[in-house]
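Prediction below, plus the sequence it came from.
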Amino acid sequence: MAAAETTLRLWGEDGMDFDELAADIAAEARLALSVSDEIKTLDKRIAALYEQVDPDRIVRSAPGVGVVGAPQIAGRLGDAARFANLAAVRSFAGRVPHQDASGVAARAGGPTKAGEACLREALFMAADHARKIDPTLAARYHRLMVQGSKHHNSAVCTLAGVLLTRIAACVRTRTHYQLRDTDGTPITGQQGRAIIAQRYAISPETRAARRQLVTTTRQPRRNERTKKEVAKRSEAPPVPQPA
């Protein structure tokens, strides 16, 4: 009854005009189908262009890259051989630490984020999937999360830089990415998943602690900034009042 009364208040005693509603839905459906057709056309164009750029599908051979990520990485990275070294590749993608240096001090921060944003996005998504397949990446992710107390996003950003370096090395040498165990033994993707589940699983408690860590470390900084602003306002000279 409450729902019925709310409906009457919303639409009036005559109720909803279902013919008009059906016409609106049909218009939205036609627009959605048109967009879907455009996406399919673009996917075909992208696939054809990717085959021209990377006919051996070397980029796609990397774990976690997939059909969507491979053209995105290959297109944004360009010819990996044009870079002087692999460090230049990481710098192009913004996957190098920010340097804050002066004449007497130097400090390294997080990634610069000065590189190709679309490439960084594709690498982040690929690395998040690759850590579930490649034991060498999973071992690093596990170490960063458990021993380094890093947040998930921070750990995946580190893996993205590693994955980019490996992809660039494969492209430069014209070899496919080879999954290996941490001792160098070649493995399959199924074997990689089994190894990761056995050795490098992250407990829910650890993940919850890392999420809590970010929340608790940001709040004191905000409080400290607020205290400074209050102190600065209290030190300001009083505004003269009119007589």
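Looks like it came in fine. Residues are numbered from 1 along each chain as shown.

give me phi/psi at residue 186?
phi -60, psi 140 (degrees, to the nearest 10).

Contacts only, for it.
178, 179, 180 (C-beta atoms under 8 Å, 6 or more residues apart in numbering). In short, each C-beta sits where N, CA and C put it, glycine included.

switch to 6 Å and redo it
178, 180 (C-beta atoms under 6 Å, 6 or more residues apart in numbering).

swap in residue 130?
63, 64, 137, 163.

and if we set it to 7 Å?
Counting by C-beta atoms under 7 Å, 6 or more residues apart in numbering, residue 130 touches 62, 63, 64, 137, 159, 163.

Just flag the most distant two among those.
The most widely separated members of the contacts of residue 130 are 62 and 159, with 11.8 Å between them, by C-beta to C-beta.

residues of the longest helix seen in the chain that come out buried?
For the chain, the helix reaching the highest residue count under DSSP state H is reported as helix 18-53. For helix 18-53, the neighbour count (16 or more other C-beta atoms under 10 Å) marks 46, 50 as buried.

other SSEs contacting it?
helix 66-77 (3 or more C-beta pairs under 7 Å, 6 or more residues apart in numbering; DSSP states H and E).

now the helix it packs on, how far from the centre of its chain.
14 Å (C-alpha atoms, centre = their mean, to the nearest Å).

do stretch 135-151 as well
17 Å.

average pLDDT across it?
Taken as a whole, stretch 135-151 carries a mean pLDDT of 94.

With stretch 64-78 instead?
93.

Which single one of the contacts of residue 130 is nearest to residue 30?
If you rank the contacts of residue 130 by distance to residue 30 using C-beta to C-beta, residue 64 comes first, at 36.2 Å.
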